[in-house]
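Trainee: need a structure here:
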Amino acid sequence: MKKLIFIAFTIVLFLGCKKEAPAEPTAPTATDEPAAEQPAEFADAKYTEIGKKHMAALASGDVDGWMADYADNAKYYWNGGDSLVGKAAIDKFWRDRRANVIETLSYKNDIWFPIKINKPQQMEAPGVWLMSWYEVTAKYKGGSSMTQWMHILYHFDENDKIDQVSHFVDRVPVQAALPKKK
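Mentor: Have a look, this model is predicted:
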């Protein structure tokens, strides 16, 4: 008898806990609310192509081609606190750098990630950002060279021009490779 009660109890418990099959999804109706906007989403892959073209121009010494991607009011920041404000200042710095300091530049192992920030979480600006990581080798006039990983964040304005750059670089290997001033 105890065995029968135990078996009956087990069956009732088993049947009572049996999960229902999930309901079939229904098609959205006109009264359904739209999905909430995500804080961030993948951006168009065209921004990766802009970034690759941008860096290839600088590597080849085509400063005009490199500058074509910048907005007139662009800002260029380095992680050490230095900055350039305005397309003219960025152009002057990099034109001088490519003509008088850097002999060759090459990039490899590049990684690109375009993202659109819809709702800033902290201090980042809304809009399209392109994150890039790559290994750069710079050979300087005078024969020294350095290789290191760098990280650059590009922000694009509504015209798909770069209006902000944040460039993360270790300045120690750069300074060590630069020709010594006499």
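Trainee: going by C-alpha atoms from here, please, whenever you check contacts or count neighbours.
Mentor: Noted.
Trainee: for the nearest residue to Met67 once chain neighbours are set aside, pull up the helix or strand it's in.
Mentor: Using C-alpha to C-alpha, 6 or more residues apart in numbering and skipping residues adjacent in sequence, the residue nearest Met67 is Asp91, 6.6 Å away. Secondary structure from DSSP states H and E places Asp91 in helix 87-96.
Trainee: hang on, the earlier thing: how much space between the residue nearest to Met67 and Lys75?
Mentor: Asp91 sits 11 Å away from Lys75, going by C-alpha to C-alpha, to the nearest Å.
Trainee: just Ala138 next, same as before
Mentor: Distance, Ala138 to Lys75, using C-alpha to C-alpha: 23 Å.
Trainee: mind checking what secondary structure the nearest residue to Ser145 once chain neighbours are set aside has?
Mentor: Counting by C-alpha to C-alpha, 6+ apart, Ser145 lies nearest to Lys139, which is 4.2 Å off, once chain neighbours are set aside. Of the three states, Lys139 takes strand according to DSSP: H, G, I helix; E, B strand; the rest coil.
Trainee: so what's Lys139 up against?
Mentor: By C-alpha atoms under 8 Å, 6 or more residues apart in numbering, the residues touching Lys139 are Ile102, Glu103, Thr104, Leu105, Ser145, Met146.
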